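K.L.:
Quick one, structure for this:
(one chain, ligands or ions: 1)
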Amino acid sequence: MLKARFRKTLGGFTLDAELNLEQGINVLRGESGAGKTTVANLLSGAMKPDDGEIELEGLTVYSRERRISLPPQSRGIGFVFQSHRLFPHLTVRENILFPSLFGGRKSAVDFDETIDILGLEPLLERLPSGLSGGEAQRVALGRALMGAERLLILDEPLSSLDPRRRHVLMDFIDGAAQRMNVPFIYITHSEEEMRRLADRAFLVEDGTIAEIPRSAFLEEPPS
Ligand SMILES: Nc1ncnc2c1ncn2[C@@H]1O[C@H](COP(=O)(O)OP(=O)(O)OP(=O)(O)O)[C@@H](O)[C@H]1O
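P.N.:
Residues are numbered from 1 along each chain as shown. Below is the predicted model of the structure:
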């Protein structure tokens, strides 16, 4: 469970929002510049709110009032970005084990489970340069799962992939969400990904966040 309220002003833009998320895939939608990446940055600790409180699975990671602000590496958050950002000099195995080298954090899934969920066994000894785009993104997802003790954030994770690879990855993400005990935040502009993956969906607009009713995001788009 994620419970957050935060306020942040960046130039002429102010985000002033509340967000309560449960386990499962929580899609964040919104026009370009609406504040989706800012939400991800505030939760991860890459950016500090001006005010508010953020609690992840019972742990307060930020509270202005209580003067708490845990650094990103102590928050137990896994991240997947649009491009995979794997370490080029490390093998797939080493890339996936990387988060567990820090601080003895305990992921919600272990290494063997991650490899199993994502079908990564045949790729383990390869370097990222020997992977296809879809394979590399699967490895990035594996590394993020290993670091996701309390939350997984996926920021447009499929937008650099072709349609076939996108569909394969969607199945993996769906499978991982069902086996993990932590909320997933899934940022996307794609209607298709929202309909296929969302357990709940939220609209980021004018610096606020509002839940989108299920009936609205599950209905077929007009033809
Ligand atoms: N460091 C900054 N200084 C000033 N304004 C900023 C800064 N960072 C972000 N902004 C502004 O904050 C707003 C929200 O940006 P954000 O990147 O969160 O949007 P987004 O919804 O993720 O957009 P996109 O879908 O294009 O990635 C934008 O208007 C942006 O210009």
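K.L.:
From now on I want contacts and neighbour counts done on CA atoms only, so please keep to that.
P.N.:
Noted.
K.L.:
buried sites along stretch 78-89?
P.N.:
78-81, 83-84, 86-87 (16 or more other C-alpha atoms under 10 Å).
K.L.:
wouldn't L90 be in contact with L127 here?
P.N.:
Yes - at 6.2 Å, L90 and L127 qualify as touching, with contact defined as C-alpha atoms under 8 Å.
K.L.:
more crowded one of those two?
P.N.:
The neighbour count for L90 versus L127, taken as other C-alpha atoms under 10 Å, is higher for L127 (19 against 15).
K.L.:
how close does that one get to R143?
P.N.:
Distance, L127 to R143, using C-alpha to C-alpha, to the nearest Å: 14 Å.
K.L.:
low-confidence ranges in this structure?
P.N.:
Where the chain drops to pLDDT under 70, the residues are 102-108, 219-223.
K.L.:
can you map out the strands along this protein?
P.N.:
Applying DSSP state E to the chain gives strands spanning 2-10, 13-21, 24-29, 51-56, 59-63, 68-69, 77-80, 151-155, 183-187, 200-205, 208-212.
K.L.:
I'd like the distance between G142 and K36.
P.N.:
Remark: distance between G142 and K36 (C-alpha to C-alpha) = 23 Å.
K.L.:
Backbone dihedrals for P71, please?
P.N.:
phi -70, psi 160 (degrees, to the nearest 10).
K.L.:
Could you double-check that it sits in contact with G45?
P.N.:
Yes - using C-alpha under 8 Å, P71 makes contact with G45 at a distance of 6.0 Å.
K.L.:
the more surrounded of the two?
P.N.:
In this view P71 and G45 are compared by other C-alpha under 10 Å, and G45 has more residues nearby, 19 against 14.
K.L.:
For that one, grab phi and psi.
P.N.:
Reported as degrees, to the nearest 10, the phi and psi values for G45 are phi 100, psi 0.
K.L.:
In contact with it, which residues?
P.N.:
With C-alpha atoms under 8 Å, 6 or more residues apart in numbering as the criterion, the residues that contact G45 are 69-72, 75.
K.L.:
Kindly report the residues of this protein close to the ligand.
P.N.:
10-11, 13, 30-38 (C-alpha under 6 Å from any ligand atom).
K.L.:
buried stuff in the longest helix anywhere in the chain?
P.N.:
Counting residues, the longest helix found in the chain (DSSP state H) is helix 163-179. Residues of helix 163-179 classed as buried: 165-166, 169-170, 172-173, 176-177 (neighbour count, 16+ other C-alpha under 10 Å).
K.L.:
now the residue most central in space within the chain: how far from L42?
P.N.:
Among the residues of the chain, the one closest to the centroid is I153, at 1.2 Å (C-alpha atoms, centre = their mean). The gap separating I153 from L42 is 12 Å, by C-alpha to C-alpha.
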